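Trainee: Attaching a predicted model along with its sequence, questions to come.
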Amino acid sequence: MKSIHILIALGLYLAPWQLYAESINQEPEKYLSFSPAKIWNDADGKPIEAHGGGMFYENGTYYWFGEHGTPGRTRVGVMCYSSKDLYNWKNEGVALPLAYDDPNHDISLGCALERPKVIYNTATKKYVMWFHLELKGQGYDAARSGVAVSNNVTGPYTFIQSFRPNKSMARDMTLFVDDDGKAYQFYASEDNKTMHVSLLSDDYLMPSGKFERIFIGRSTEAPAVFKHQGRYYFIGSGCTAYAPNAARSAVAASIWGPWEELGNPCVGKNADKTFLSQSTFVFPVANKSGAFIFMADQWNVYENKGPRYVWLPIHFEKGRIVIRWADKWDISVFGR
């Protein structure tokens, strides 16, 4: 029954894309570059649905996980796409489906399941997914984190539970695994006024109990965290709902801080509004030292123009990170 419900939901939800002429291809386009803010189709010629996404890399393949649904309204669950070259993506299906047959389930239809991120635990040999969860009928008052696991990277993932990490509100979030294998959750807490960084348990399924409050009173959300040359970098945004604002960046010698704010890293057209998008993740390009890609979503155009993503290369200049707008670019910008 669940598979039938999922197929019905996909059919009902994807039908409106027929209105977008640019998304209809008789033969799927083969991409050779990135075109930020343009409709991006998968190998079947359908728009990629992976909002608030995160990237996982394993054995020469990238896996892009993200929400299926309009902002605040999850329609199907967490989608997974795979790619060898980062340009062309195969739809691997629903990695974590909503619980359609149980209206009382934490992730039943009507919930908001956002910003899913996947990491791998080498000790348990499990793929672990965390996400921000708002329960059906509660608006954004639940402010919880959800956890699911799988034996396979593409899923299916089994929902374990949802809770408030460290007994704190948790909304926009990301995961980061350090060089020593320790994993951390960054999440907007305290009614989004303060960010928390929380060390996870050894199996990555729960908070360890150790956490720190950072960017206190700064109302920062949409966290993306990465590490370069021994330093930790952070990109986020202000709290203006689905309206874009200027990105924020910061750097620290320790993941616990203190974090030094570096200002808006964006340069170019609409830089003051993060290119009309909001950060969701930063990931390293395999086999290219110092090469990182910034991932963001254009939320406020979704209803009228379809799903739009902004991917751009990150540059390091005088101790700061710089993200420059480009209408089109490819991985060659990072050199060999």
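Mentor: Good, I have the coordinates. Everything numeric in this text was worked out from a predicted model, so none of it was measured. Residues are numbered from 1 along each chain as shown.
Trainee: For residue 94, list each beta-bridge partner.
Mentor: Beta-bridge pairing for residue 94 (DSSP bridges): residue 79.
Trainee: That one against residue 76, yeah?
Mentor: Yes. The pair residue 94 and residue 76 qualifies as a contact (C-beta atoms under 8 Å) at a distance of 5.7 Å. Heads up, the C-betas are built off the backbone N, CA and C, glycines and all.
Trainee: wait, isn't residue 186 in contact with residue 171?
Mentor: No. When contacts are counted by C-beta under 8 Å, residue 186 is not listed as touching residue 171 (11.2 Å).
Trainee: Run the chain-centre distance for stretch 82-101.
Mentor: 13 Å (C-alpha atoms, centre = their mean, to the nearest Å).
Trainee: Please disregard the earlier target; I meant stretch 57-75.
Mentor: Worked out by C-alpha atoms, centre = their mean, stretch 57-75 lies 7 Å from the chain centre.
Trainee: Check which residues of it are buried.
Mentor: For stretch 57-75, the neighbour count (16 or more other C-beta atoms under 10 Å) marks 62, 63, 64, 65, 66, 67, 68, 69, 71, 74, 75 as buried.
Trainee: In helices, which of these fall?
Mentor: If you go by DSSP state H, the buried residues of stretch 57-75 have nothing in helices.
Trainee: From residue 196, how far out is the nearest residue to residue 69 once chain neighbours are set aside?
Mentor: Leaving aside its chain neighbours, residue 69 sits nearest to residue 75 (3.8 Å; criterion: C-beta to C-beta, 6 or more residues apart in numbering). Distance from residue 75 to residue 196, counting by C-beta to C-beta, to the nearest Å: 29 Å.
Trainee: can you redo the buried residues of stretch 57-75 as JSON lines with pLDDT?
Mentor: Shown next, in JSON lines, are the buried residues of stretch 57-75 (pLDDT from 0 to 100):
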{"residue": "62", "pLDDT": "98"}
{"residue": "63", "pLDDT": "99"}
{"residue": "64", "pLDDT": "98"}
{"residue": "65", "pLDDT": "98"}
{"residue": "66", "pLDDT": "97"}
{"residue": "67", "pLDDT": "94"}
{"residue": "68", "pLDDT": "91"}
{"residue": "69", "pLDDT": "78"}
{"residue": "71", "pLDDT": "71"}
{"residue": "74", "pLDDT": "75"}
{"residue": "75", "pLDDT": "83"}
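Trainee: Following the lowest-mean-pLDDT helix or strand in the chain in sequence, what is the next regular element?
Mentor: The weakest-scoring helix or strand in the chain, judged by mean pLDDT, DSSP states H and E, is helix 2-14 (a mean of 43). The helix or strand immediately downstream of helix 2-14 is strand 51-58, counting by DSSP states H and E.
Trainee: Where does pLDDT dip in this protein?
Mentor: 1-26, 72, 302-304, 336 (pLDDT under 70).
Trainee: List the residues that contact the residue nearest to the spatial centre of it.
Mentor: Residue closest to the average C-alpha location in the chain (C-alpha atoms, centre = their mean): residue 53, at 2.5 Å. Counting by C-beta atoms under 8 Å, 6 or more residues apart in numbering, residue 53 makes contact with 64, 65, 66, 67, 115, 116, 280, 281, 295, 297, 309.
Trainee: Please consider this matter closed, and thank you.
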